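**Student:** Predicted model and sequence follow; I will ask about them next.
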Amino acid sequence: MADELEALAARQRVTAAYAGHEWGSHPDVDLEDLRAVNRLAWAELERAGVPLDAPGGRLYLLGFVGPGPNLKLGLITRKPSSPDNSVLKYLRNHERRANAYRCFLVRGWISRPVKAMVRHWEETALNAVGALYGAFRDGEYFYDVDFDAAVAAAQSARKDSLAH
């Protein structure tokens, strides 16, 4: 619990530092803060999506700090017949691409697996997050979006997509 509280405090420092200084690294953020925040983001993903590699389709949101977009919303489908179709590996590839642009993973959320309406849910969620105040959308990437508001919009979009 103490480690998680320290990571949450590090997340606040990192997020605040990058909010005012987007380009490049920030002098008030050290590598240990970024590592703690990253571990917390992966722990949140694993808690939200237990078991992470269960078959089915799911939506995910990845929150970043840095010069690029601060949110990636996407869909991943894992088939039980494909042993190399790892959710973890797929999400880590997104993180590696973001790191190449000096963007760092600080938040993570993934849904539990669902069997139906996943593509419609993704489309509905992308539109819902894009409609949030101040959001700028570029495909599945967003700028200036609050992570918690994006998760709430995506979860609400699931209810809307199941109603159709």
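**Tutor:** Cool, got the structure.

**Student:** Please enumerate the strands of the chain.
**Tutor:** All strands of the chain, identified by DSSP state E, fall at 56-65, 71-78, 104-110, 136-138, 141-143.

**Student:** For residue 91, which of those is the nearest?
**Tutor:** Nearest of those to residue 91, taken as CB to CB: strand 56-65 at 6.6 Å. (Each C-beta comes from the backbone N, C-alpha and C, glycine too.)

**Student:** angle of the closest one against strand 71-78?
**Tutor:** 160 degrees (axes from the mean of the first three to the mean of the last three CA atoms, to 10 degrees).

**Student:** Mind putting the strands of the chain into JSON lines with distance to residue 10 and mean neighbour count?
**Tutor:** JSON lines is the format used below for these (distance: least, CB to CB, whole Å; neighbours: other CB atoms under 10 Å):
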{"stretch": "strand 56-65", "distance to residue 10": "12", "mean neighbour count": "23"}
{"stretch": "strand 71-78", "distance to residue 10": "20", "mean neighbour count": "20"}
{"stretch": "strand 104-110", "distance to residue 10": "9", "mean neighbour count": "23"}
{"stretch": "strand 136-138", "distance to residue 10": "27", "mean neighbour count": "13"}
{"stretch": "strand 141-143", "distance to residue 10": "23", "mean neighbour count": "19"}
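
**Student:** Reformat those strands as JSON lines; add mean pLDDT and distance to residue 120.
**Tutor:** Listed next are these as JSON lines, based on pLDDT from 0 to 100; distance: least, CB to CB, whole Å:
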{"stretch": "strand 56-65", "mean pLDDT": "92", "distance to residue 120": "11"}
{"stretch": "strand 71-78", "mean pLDDT": "91", "distance to residue 120": "10"}
{"stretch": "strand 104-110", "mean pLDDT": "94", "distance to residue 120": "18"}
{"stretch": "strand 136-138", "mean pLDDT": "93", "distance to residue 120": "18"}
{"stretch": "strand 141-143", "mean pLDDT": "94", "distance to residue 120": "19"}
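
**Student:** I'd like to know which of these is closest to residue 33.
**Tutor:** So among the strands of the chain, strand 104-110 is nearest, using CB to CB, at 9.8 Å.
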